[in-house]
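> 3D model of this:
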Amino acid sequence: MVGVPLLAQKLVQIQATIISKCLPEMVKNISDKLNSNLQELKATPGHLSLTQAMTAFMQIIGSAKESLRKILLRGEFDKYPDDKGMHCTARVAEKLNQYADQLQVNRVEYEPKENILMDEIGLLMETKGIGLPNFLPRTVFLTILQGRVKEVSNTPVDFVSKVWGYRGIVVTSVFVASF
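Coordinates of the predicted model:
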């Protein structure tokens with residue numbers, strides 16, 4: 001035999017050799033995992049009544065609630081000393097500092113002094129209104145105010161979104177650790 005059939009036969013032999021070497025180890029790993037799962041299953045109580053199940057569930061919820069109270073409200077992180085993500089007070093303070101910095105950046109970006117005066121002059125020229133000295137006409141004031149509000153309106157929404165996203169991660173972590 002020469003050619004493709006011989007090559008195919010050699011490849012099948014190589015694959016069979018590799019599989020015969022790996023298969024016993026795979027079977028052993030599967031058997032070990034199955035045995036550990038069976039032992040864990042045997043360790044669980046056989047039959048729980050509804051009241052026992054509810055009592056156990058309420059204890060788990062109570063434990064999670066107390067952990068969340070410590071982490072989120074009191075700023076304690078004794079259960080998670082090495083996990084910086086669970087040090088809620090410090091992370092929220094960081095987010096507040098980032099928010100304050102972002103507000104300062106927005107203020108500097110949107111308030112060059114010459115642009116404010118030019119905007120007001122442009123709007124006053126556009127309204128061509130006669131008004132009291134030292135007072136802007138109502139439409140000019142509202143237009144300027146709406147523009148300033150639009151410039152910074154997304155910043156608080158982004159901040160709240162980040163804080164609630166972080167809080168959601170903390171709550172999820174506590175519930176996963178409780179169960």
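> okay, CA-based contacts and neighbour counts for the rest of this
Will do.
> What is the least confident helix or strand in this protein?
One helix or strand of the chain scores below all others by mean pLDDT, DSSP states H and E: helix 113-127, with a mean of 64.
> Past that one, which element shows up next along the chain?
helix 138-152 (DSSP states H and E).
> Which elements pack onto that next one?
With contacts defined as 3 or more C-alpha pairs under 8 Å, 6 or more residues apart in numbering; DSSP states H and E, the packing partners of helix 138-152 are helix 88-110, helix 113-127.
> gap between Thr55 and Ile61?
Separation of Thr55 from Ile61 (C-alpha to C-alpha, to the nearest Å) stands at 10 Å.
> These two: which has the busier surroundings?
Higher neighbour count among Thr55 and Ile61: Ile61, with 15 against 12, using other C-alpha atoms under 10 Å.
> What is the burial count for Lys150?
Look at Lys150: counted by other C-alpha under 10 Å, it has 10 neighbours.
> Tell me how far it lies from Lys162.
Per C-alpha to C-alpha, Lys150 is found 20 Å from Lys162.
> do Val27 as well
Relative to Lys162, Val27 is positioned 47 Å away (C-alpha to C-alpha).
> between those two, who's got more neighbours?
The neighbour count for Val27 versus Lys162, taken as other C-alpha under 10 Å, is higher for Lys162 (14 against 11).
> And what about that one, helix, strand or coil?
Applying DSSP: H, G, I helix; E, B strand; the rest coil to Lys162 yields a three-state assignment of helix.
> Report the buried residues of the longest helix anywhere in the chain.
For the chain, the helix with the greatest residue count under DSSP state H is helix 4-43. The neighbour-count check on helix 4-43 (16 or more other C-alpha atoms under 10 Å) flags nothing as buried.
> Show me what secondary structure element comes after it.
As assigned by DSSP H and E, the chain's next helix or strand after helix 4-43 is helix 50-68.
> Can you name every helix or strand that that next one contacts?
Counting contacts by 3+ C-alpha pairs under 8 Å, 6+ apart, helix 50-68 is packed against helix 154-178.
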